[in-house]
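Engineer: Model the following, please.
(one chain, ligands or ions: 1)
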Amino acid sequence: MTKSLWITAARDSSGAAIDIEIAGGRIAAILPTGGKIADEKPHLDAAGRLVLPALVEAHCHFDKTLWGQPWRPNSAGPTLRDYIDNERRILRGLDVPIAARAGKLIEHCIARGSLHFRCHVDVDPEFGVSHVEAMLALRETYRDIITMEFVAFPQTGMLIRPGTLAVMEAALKLGVEHVGGLDPCGIDNDPVRHLEAIFDLAGKYGRGIDIHLHDKGELGLWQIERIADFTEARGMAGRVVISHAYCLGEARPARLERIARALADNGIGIMTTAPADGPAPPVADLRAAGVTVCMGSDGIRDAWSPLGTGDMLERALFLCLRFDWARDEDLAAAFDCVSAAGARILGLRNYGLAVGAPANLLVLPAENVGDAIARRPQERTVISHGVVIARDGRFLS
Ligand SMILES: [Zn+2]
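Structural biologist: Numbering: from 1, shown residues only. Okay, the predicted model is just below:
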């Protein structure tokens, strides 16, 4: 497989016409279109299409997906607990392995332009680390073309499910990169013990933390302040993410300013799906305060919802719709959340359309980033380390 390529007559996000030389899987040169091109390498004529860095999916649950399965009407009851129990019932009754479901979805996401993933993987005393083992094997399958890091996620609760912490620790020993958490108050009913447990585990194994926090109002805000306290006290700056954090959308301005400062000072990232209803983290305010905000799909066609496509350009559109963003700078900020900001959260080195960076690129027929988000054309060519791995929106197996 050649990792050398010329991409000619492309357009970068500023509108400049460029040729890109790729050698050994990395971007070797970015030149104005029209210069002399060495003939010995294969050429990809971009014909004026836009070239972007590959997209970053910073929060997904591939192990739980029903992708590729027949349509399943959502049958969950109204509470979070109902959803968790409903999912357990459905996953127990499935005879299609994780590798088949998640593998199809990964290929679909790749074809939509994502090459970097943070995937939360369920751990539970009932099925142990079996989901982790399946996802680790799948990561090996795609190791040459994507990066994928894992979070050990106690979906059914941690302290309220005796044995869960031991399974999370087993997952870390297998190579999972991050310790998960789940509503220290709302699910586990003991926030300080919950935070002590996950920060202890992260400290013991030198791993990061990514906490699902759905708790709203004062309860949620109080927990974010405690997470910041723990992050500072344990020297975990830059290694903690709070996913969802809906309550930030309910904070009064002075409180939000204080919390945003604590998040920025401790390098705590925020992940949002830009939910259509209810409170959501105020992305513009957080970014202005220096907080890194990334985006994820969360569940994609699973027992929680049949919705979701894994298209991170669509996710950026949701962000624009959520906050009524329409100006070019807003659309650029939305794109940043599904690209460079996500890359910072994932700790990707050398990310972007720059000389020396791995040639992980998305080429699509759009005028600029705003147009790409607005129309989300499906005719996408995806290049991983200089190799075309998807064309016209289809994964090349
Ligand atoms: Zn999630």
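Engineer: how about the helices in the stretch 1-150 of the chain?
Structural biologist: 80-92, 98-111, 130-141 (DSSP state H, counting those that start in this stretch).
Engineer: so for stretch 65-72, what's the average pLDDT?
Structural biologist: In this model, stretch 65-72 carries a mean pLDDT of 94.
Engineer: contacts for that stretch?
Structural biologist: Residues outside stretch 65-72 that contact it (CB atoms under 8 Å, 6 or more residues apart in numbering) are 90, 94, 96, 100-102, 104-105, 108, 299-303, 306. C-beta coordinates here come from the backbone N, C-alpha and C atoms, glycine included.
Engineer: Now tabulate the helices of the stretch 1-150 of the chain in CSV and tack on mean neighbour count.
Structural biologist: Formatted as CSV, the helices of the stretch 1-150 of the chain follow (neighbours: other CB atoms under 10 Å):
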stretch, mean neighbour count
helix 80-92, 15
helix 98-111, 21
helix 130-141, 18
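Engineer: Turn the ones you listed into TSV, including distance to Asp330 and mean pLDDT.
Structural biologist: Putting the helices of the stretch 1-150 of the chain into TSV (distance: least, CB to CB, whole Å; pLDDT from 0 to 100) gives the following:
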stretch	distance to Asp330	mean pLDDT
helix 80-92	32	88
helix 98-111	25	97
helix 130-141	35	98
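Engineer: what's the closest of the ones you listed to Ile20?
Structural biologist: helix 98-111 (19.8 Å; CB to CB).
Engineer: sorry, back to before: could I get the helices of the stretch 1-150 of the chain as JSON lines with distance to Trp325?
Structural biologist: Shown next, in JSON lines, are these (distance: least, CB to CB, whole Å):
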{"stretch": "helix 80-92", "distance to Trp325": "29"}
{"stretch": "helix 98-111", "distance to Trp325": "24"}
{"stretch": "helix 130-141", "distance to Trp325": "34"}
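Engineer: Looking at those, which is nearest to Arg49?
Structural biologist: Comparing those under CB to CB, the one sitting nearest is helix 98-111, at 15.9 Å.
Engineer: residues making contact with that closest one?
Structural biologist: Outside helix 98-111, the residues that reach it (CB under 8 Å, 6+ apart) are 57, 60, 62-63, 65-69, 117, 131, 134-135, 137-138, 141-142, 145-146, 148, 300-301, 310-311, 380, 382, 384, 389-390, 393-395, 397.
Engineer: Compute the distance from the centre of stretch 345-356 to the centre of its chain.
Structural biologist: Stretch 345-356 sits 15 Å away from the centroid of its parent chain (CA atoms, centre = their mean, to the nearest Å).
Engineer: Please consider this matter closed, and thank you.
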